[in-house]
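A.B. asks: any chance you could fold what I've pasted below:
(one chain, ligands or ions: 2)
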Amino acid sequence: MPRFAQLVIGPAGSGKSTYCATMVKHAEAMNRSVQVVNLDPAAEHFDYSVMADIRELIQVDDVMEDDSLRFGPNGGLVFCMEYFANNFDWLEENLGHVEDDYILFDCPGQIELYTHLPVMRQLVEQLQQWEFRVCAVFLVDSQFMVETFKFISGVMAALSAMVSLEIPQVNIMTKMDLLSPKAKKEIEKYLDPDMYSMMEDNSVTIRSKRFKKLTKAICGVIDDYSMVRFLPFDRTDEEGISIVLQHIDFSIQYGEDLEVKEPRENDEDPCSYEEFFETQADS
Ligand SMILES: Nc1nc2c(ncn2[C@@H]2O[C@H](COP(=O)(O)OP(=O)(O)OP(=O)(O)O)[C@@H](O)[C@H]2O)c(=O)[nH]1
Ligand SMILES: [Mg+2]
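C.D. replies: Ligands and ions are numbered 1, 2, ... in the order given. Modelled structure (predicted):
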């Protein structure tokens, strides 16, 4: 029997820990058991009870205070994650082996972890060896996505994580409840974007010809492969949370023995776990 995992990733402060707490409450209300593992060695507080906490293995403060290491906060965090990667048996002990487990991994917000450091990839491979089906849930703060050039930057970050982790990924715009009605309307175009028209918008703000050309090329690639799409996440909207969870469940085929539920709204062809790898193999 497979086990299921969401790797909750994204830039600092994008709402990962809040997402985990919200998802646990939502799942509880549905009588579903979802557990959370804190993988942020610098975490100070979170609103969920943990199944395992990396701070019991290693803490950033201890690393920074160590005179022989002399790390700052960022180097310290990378050190902690590398230490974690060398001690996956700690995680194995804490996870135990419960069939049908569904676990959220609340990850740190350092973007390097998802772009070029090997730690998260190693974690994915390890989880897969333990028979987890893993989906990455990439969060970005919607307030940083309301302008075209910011949106493109968010898309590139999401794409970079996808390429680096090579697992199904659901991208989410968080904190939708903080947007003004005007910004909410504005953001609709970013939820199902036509990258070419976006590039046209950009021509007003990007004056340099060379940048315009580069933006056009990037938009073209993203559009051609239609790989990056965002779902809205408003922690106060149960219906919206439910849609997000359905997309994620579908991508890891959670509950395939139960009634098969297609994700609703905004979703012509969500990429399932198997389909994702078939697509990878074909390309
Ligand atoms: N209004 C609102 N605030 C949110 C939401 N999600 C997160 N926040 C707030 O945003 C701040 C950061 O949220 P966290 O959940 O700690 O973000 P994080 O990604 O875990 O942060 P790091 O672990 O430091 O990278 C907190 O003050 C949260 O209360 C949301 O959906 N709505
Ligand atoms: Mg956090």
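
A.B. asks: what bits of this protein have low per-residue confidence?
C.D. replies: Residues of the chain meeting the criterion pLDDT under 70: 193, 195-207, 226-227, 257-283.

A.B. asks: secondary structure element for the residue in it that ligand 2 sits nearest to?
C.D. replies: When you check the chain against ligand 2 by Cβ to the ion, the closest residue turns out to be residue 17, at 3.3 Å. The way it works is simple: take the backbone N, C-alpha and C, and place the C-beta from them, glycine included. In this structure, residue 17 is located in helix 16-29 according to DSSP states H and E.

A.B. asks: what helices and strands are in contact with that helix?
C.D. replies: If you count contacts as 3 or more Cβ pairs under 8 Å, 6 or more residues apart in numbering; DSSP states H and E, helix 16-29 packs onto strand 3-9, strand 35-38, strand 102-106, strand 132-141, strand 169-174, helix 238-251.

A.B. asks: my read: the residue of the chain closest to ligand 2 touches residue 50, true?
C.D. replies: No. Residue 17 lies out of contact with residue 50 (Cβ atoms under 8 Å); the separation is 10.8 Å.

A.B. asks: of the two, who's got more company?
C.D. replies: Using other Cβ atoms under 10 Å, the more surrounded residue of residue 17 and residue 50 is residue 17, with 22 against 17.

A.B. asks: re the thing from before, quick check: closest non-adjacent residue to the residue of the chain closest to ligand 2.
C.D. replies: If the residues on either side of it in the chain are set aside, residue 17 comes closest to residue 46, at 4.5 Å by Cβ to Cβ, 6 or more residues apart in numbering.

A.B. asks: and the one you found, helix, strand or coil?
C.D. replies: Remark: residue 46 carries the secondary structure label coil [criterion: DSSP: H, G, I helix; E, B strand; the rest coil].

A.B. asks: phi first, then psi, for it.
C.D. replies: According to degrees, to the nearest 10, the main-chain angles of residue 46 amount to phi -150, psi 160.

A.B. asks: ok, residue 218 next?
C.D. replies: With angles defined as degrees, to the nearest 10, residue 218 shows backbone torsions of phi -60, psi -50.

A.B. asks: count the residues that sit near it.
C.D. replies: The burial metric for residue 218, expressed as a neighbour count using other Cβ under 10 Å, is 16.

A.B. asks: also the one 3 residues further on?
C.D. replies: Other residues lying near residue 221 total 12 when counted by other Cβ under 10 Å.

A.B. asks: now the helix or strand harbouring it - C-alpha only, PDB.
C.D. replies: Per DSSP H and E, residue 221 falls inside helix 209-225. Output for helix 209-225, consisting of C-alpha atoms alone and laid out as PDB, is shown next (Å, rounded to 0.1, in the frame of the first residue of the first chain):
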ATOM      1  CA  LYS A 209      14.400  46.000 -26.400                       C
ATOM      2  CA  ARG A 210      16.600  43.200 -25.200                       C
ATOM      3  CA  PHE A 211      14.500  42.600 -22.100                       C
ATOM      4  CA  LYS A 212      11.400  42.600 -24.200                       C
ATOM      5  CA  LYS A 213      12.900  39.900 -26.400                       C
ATOM      6  CA  LEU A 214      13.900  37.800 -23.400                       C
ATOM      7  CA  THR A 215      10.500  38.200 -21.800                       C
ATOM      8  CA  LYS A 216       8.900  37.100 -25.000                       C
ATOM      9  CA  ALA A 217      11.100  34.000 -25.200                       C
ATOM     10  CA  ILE A 218      10.400  33.100 -21.600                       C
ATOM     11  CA  CYS A 219       6.600  33.600 -22.000                       C
ATOM     12  CA  GLY A 220       6.700  31.500 -25.200                       C
ATOM     13  CA  VAL A 221       8.400  28.600 -23.500                       C
ATOM     14  CA  ILE A 222       6.100  28.600 -20.500                       C
ATOM     15  CA  ASP A 223       3.000  28.900 -22.700                       C
ATOM     16  CA  ASP A 224       4.100  26.200 -25.100                       C
ATOM     17  CA  TYR A 225       4.600  23.600 -22.400                       C
END
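
A.B. asks: which helices and strands does that helix pack with?
C.D. replies: On a contact count with 3+ Cβ pairs under 8 Å, 6+ apart, helix 209-225 meets helix 148-165, helix 195-205.

A.B. asks: for residue 34, list the residues it contacts.
C.D. replies: Residue 34 is in contact with 23, 24, 27, 28, 102, 103, 104, counting by Cβ atoms under 8 Å, 6 or more residues apart in numbering.
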